[in-house]
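Q: sequence unknown, structure follows:
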């Protein structure tokens with residue numbers, strides 16, 4: 001419960017880039033409980049200070065908040081990141097300025113895990129390819145009762161390698177086990193603490209055994225371009241690579257070259273180094289690159305959880321007991 005002083009306090013709340021999280025099918029109305037609310041669909045970097053100058057509470061998805069901008073926002077007390085990742089916020093500068101920063105963990109676990117397997121099955125079963133061929137009459141013109149012109153792959157018995165066993169990586173592992181896959185992981189967790197059916201190995205070991213390799217680690221200096229020409233050489237010929245983590249976990253030119261040579265059978269990615277990608281990105285020219293536009297998190301169910309958690313984060317801050325704080 002808010003005490004009388006907190007109840008009397010009214011905050012200026014600004015959302016700088018609310019469109020992706022809520023393009024109109026959800027509601028920010030609960031935030032008005034805490035004060036005056038202004039919502040912008042998108043904000044350019046040049047508009048950040050102008051639009052945030054009177055804000056006590058700032059909510060952002062991907063808009064950058066740098067030390068320079070923080071210095072120009074003396075009234076700011078709280079930044080709520082409308083996502084799990086917060087590398088676009090200068091956490092150290094916010095801490096020095098006594099600005100609390102919180103994020104939204106674990107809201108998209110089910111949706112991202114679903115996208116991992118959507119990508120795997122898009123590659124193994126080529127549903128869209130055959131649906132399009134059926135529209136074009138290939139099946140109706142076929143002399144046999146069935147028709148296929150690509151390899152079709154059963155995932156049961158295949159080895160899934162997982163880099164990173166957080167919430168999403170662990171959920172992916174559990175789903176894979178239900179499909180009859182062997183699961184190996186490269187993780188900082190102790191082997192004795194891993195769920196049953198997940199075998200810990202080194203990164204080189206993971207690269208060598210994986211029929212399908214999926215990335216679920218955070219982006220750090222150590223993991224940036226974890227997948228590059230050298231690591232790709234250590235993978236099985238014809239392996240499948242999935243990336244729903246962060247674009248820069250891979251060197252995109254090296255992945256494109258591996259696809260071109262046949263070293264990789266396919267690359268399924270929902271994230272890229274630059275978003276939106278440049279038109280000349282080499283991956284966009286590869287027929288076995290299955291690229292989706294950063295939508296793994298964007299199911300309505302996951303976005304609803306995101307908005308609800310964001311509102312609860314603000315409520316906790318207003319009540320003097322902030323949660324999900326990333327700059328303690």
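A: Received it, and whenever you're ready, just let me know what you need. Everything numeric here is computed off the predicted structure, so don't read it as measured data.
Q: distance from the centroid: which residue in this protein tops it?
A: Within the chain, the residue lying farthest from the chain centre (Cα atoms, centre = their mean) is residue 143, at 44.3 Å.
Q: Distance from the chain centre to stretch 127-140, please.
A: Distance of stretch 127-140 from the chain centroid (Cα atoms, centre = their mean, to the nearest Å) equals 31 Å.
Q: got the contact list for that stretch?
A: Outside stretch 127-140, the residues that touch it by Cβ atoms under 8 Å, 6 or more residues apart in numbering are 121, 122, 147, 148, 149, 150. For the C-beta atoms, the positions are set from N, CA and C on the backbone; glycine is no exception.
Q: tell me the SS of the second one?
A: This points to residue 122. What DSSP: H, G, I helix; E, B strand; the rest coil gives for residue 122 is helix.
Q: Please list all residues in contact with it.
A: 128, 268, 290.
Q: repeat that for 6 Å
A: Contacts here follow Cβ atoms under 6 Å, 6 or more residues apart in numbering; on that basis residue 122 touches residue 290.
Q: before we move on, what about the third one?
A: Taking Cβ under 6 Å, 6+ apart as the contact definition, residue 147 lies against residue 139.
Q: switch to 7 Å and redo it
A: Residues in contact with residue 147 (Cβ atoms under 7 Å, 6 or more residues apart in numbering) are 138, 139.
Q: State the distance from residue 324 to residue 260.
A: Separation of residue 324 from residue 260 (Cβ to Cβ, to the nearest Å) stands at 43 Å.
Q: Residue 307 too?
A: Applying Cβ to Cβ, the value for residue 307 to residue 260 is 42 Å.
Q: Comparing these two, which shows the higher neighbour count?
A: It is residue 307, of residue 307 and residue 260, that has more neighbours when counted by other Cβ atoms under 10 Å, with 22 against 13.
Q: Can you give me the separation between that one and residue 220?
A: Counting by Cβ to Cβ, the gap from residue 307 to residue 220 is 28 Å.
Q: Equivalent analysis for residue 108, please.
A: 20 Å.
Q: Looking at these two now, which is surrounded by more residues?
A: Neighbour count, other Cβ under 10 Å: between residue 108 and residue 220, residue 108 has more, with 25 against 11.
Q: which ones are touching that one?
A: Residue 108 touches 296, 297, 302, counting by Cβ under 7 Å, 6+ apart.
Q: can you tell me how far the closest residue to the second one other than its chain neighbours sits from residue 306?
A: Leaving aside its sequence neighbours, residue 297 sits nearest to residue 108 (Cβ to Cβ, 6 or more residues apart in numbering; 4.0 Å). Residue 108 is 7 Å from residue 306, where distance means Cβ to Cβ.
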